[in-house]
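S.K.: structure, please.
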Amino acid sequence: MEPLFVDRLLQITDLLQRDMAHAFDGTGLTTARVHLLWVLQHAGPSTQQSLAQLCEVSPRNITGLVDALERSGHVRRSPHPTDRRAVLVELTSTAVETMTRMQEEHDHLDATLLNAIDPADRPAVERGLSAVVAHLQSLVAAAATTAPEEAR
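M.R.: Sure, this is the predicted structure:
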């Protein structure tokens, strides 16, 4: 029996997670820490409050992530230039190098995966994946608005 479409998506998710875990071996970086570094790379210096929103986690979780990344030398906190109650979190030069390398690896994996698809099929695959992502986003958003109050 052929696997269901959703089973193939779950298999892809699992393989990508295993690949990421292998890439982080020995670095002290977790998926959550790398996600925060990725957000900082794209957003630039940010307050912890804005990072919590961008990462969709609680302020308490962001504090723990920033603390760990500060200890490992990946981020630094500095005073906010206009709000003396706030601090900015920014990447260190070590993190910039790490993220540059990760971006190169990301680009390489993207090219490798695309090369596994016949060039004539790529537009259809990309349209299909975009449609699946859009539909899953709408399902998740709808579930979040209809979730029981005590689950929120």
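S.K.: give the residue spans of this structure that score low on pLDDT.
M.R.: Low-confidence segments of the chain, defined by pLDDT under 70: 147-152.
S.K.: show me where it has strands.
M.R.: With strands called from DSSP state E, the chain shows them at 46-47, 75-79, 87-91.
S.K.: what helices or strands is the shortest one leaning on?
M.R.: Think strand 46-47. If you count contacts as 3 or more Cβ pairs under 8 Å, 6 or more residues apart in numbering; DSSP states H and E, strand 46-47 packs onto strand 87-91. All C-beta spots, glycine's among them, are computed from the backbone N, C-alpha and C.
S.K.: now the strand it packs on and strand 75-79, what's the angle there?
M.R.: When axes from the mean of the first three to the mean of the last three Cα atoms, to 10 degrees is applied, the directions of strand 87-91 and strand 75-79 differ by 150 degrees.
S.K.: okay, stretch 98-105 in CSV with CA atoms only?
M.R.: Output in CSV follows, covering the C-alpha atoms of stretch 98-105 (Å, rounded to 0.1, in the frame of the first residue of the first chain):
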residue,chain,number,x,y,z
THR,A,98,27.9,30.6,12.0
MET,A,99,24.7,31.9,10.3
THR,A,100,26.6,32.7,7.1
ARG,A,101,27.8,29.1,7.0
MET,A,102,24.3,27.8,7.8
GLN,A,103,22.9,30.0,5.0
GLU,A,104,25.4,28.5,2.6
GLU,A,105,24.5,24.9,3.7
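S.K.: quick one: closest of the strands of the chain to Asn61.
M.R.: Asn61 sits nearest to strand 87-91 of all these, at 13.6 Å, using Cβ to Cβ.
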